[in-house]
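Undergrad: with the sequence up front, the predicted model follows.
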Amino acid sequence: MNHLKLENEALIMRPLEARDCSAILDLVVAPEIAANTFVPQPYPPEAADEFVRLGRERWRDDEAYVFGIVEKSSQCFAGCMGLHPAAEHNRAEVGYWIGKPFWGRGLATSALRLLLQFGFETLELNRVEAGHFEHNPSSGRVMEKAGMRFEGRRRQYVMHHEQPKDLLWYAILRVDYLARSTAKRKETAED
């Protein structure tokens, strides 16, 4: 699956490549990225190389599937989205970030829909889940638009910048994904 490419009208998602390192470095320096993710700040140049290397290794070993997101209209690298399976439970967790210049374009929602399709249709997962910090409600809207449901607050669930933080937790089950897919196909057929 190292050559896998997910694609729709807005973007291409593909495994990370060495050529992505400079774009990653350019995008993750925005303080908003560190505020909303676990991307370290400051972000040392060698961290991008290590992130890409580890992403490729984990992909090869089926431990994680980290995609680079490329906006089709500009052909620019826009961010990353990964699916991290827990095979013993037939579920996976999603993590992502989109570079600030690409915010508000619907790329995160579009990418998450493709990632869910990959997770349910290719990996045959039963559940996909993700969380976000309370101060980042935009991330919750992305998850809801992609079909995930709010499940609750995980109080002081993670340490972020040396502070315990709550995560607002979302998930989608295979049965929900299949029902949504069937409904969309019916709508398309009726149009």
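TA: Looks like it came in fine.
Undergrad: which residues pair with His160 across the strands?
TA: Here His160 sits in beta bridges with Gln163, going by DSSP bridges.
Undergrad: quick check: it vs Ala34, distance?
TA: Per CB to CB, to the nearest Å, His160 is found 9 Å from Ala34. To be clear about C-beta, it is placed using only N, CA and C from the backbone, and glycine gets the same treatment.
Undergrad: Gly140 now?
TA: From Gly140 across to Ala34, the span is 19 Å (CB to CB).
Undergrad: can you check Glu151 too?
TA: Distance, Glu151 to Ala34, by CB to CB: 26 Å.
Undergrad: and Tyr96, which of the three is it?
TA: Taken by DSSP: H, G, I helix; E, B strand; the rest coil, the conformation at Tyr96 corresponds to strand.
Undergrad: pretty sure it sits against Gly79.
TA: Yes. Between Tyr96 and Gly79 there is a contact under CB atoms under 8 Å: 6.7 Å.
Undergrad: need the residues touching each of the two.
TA: Residues touching both Tyr96 and Gly79 by CB atoms under 8 Å, 6 or more residues apart in numbering: 108, 111.
Undergrad: and the two? which has more neighbours close in?
TA: Neighbours per residue (other CB atoms under 10 Å) separate Tyr96 from Gly79, with Gly79 holding more: 26 against 23.
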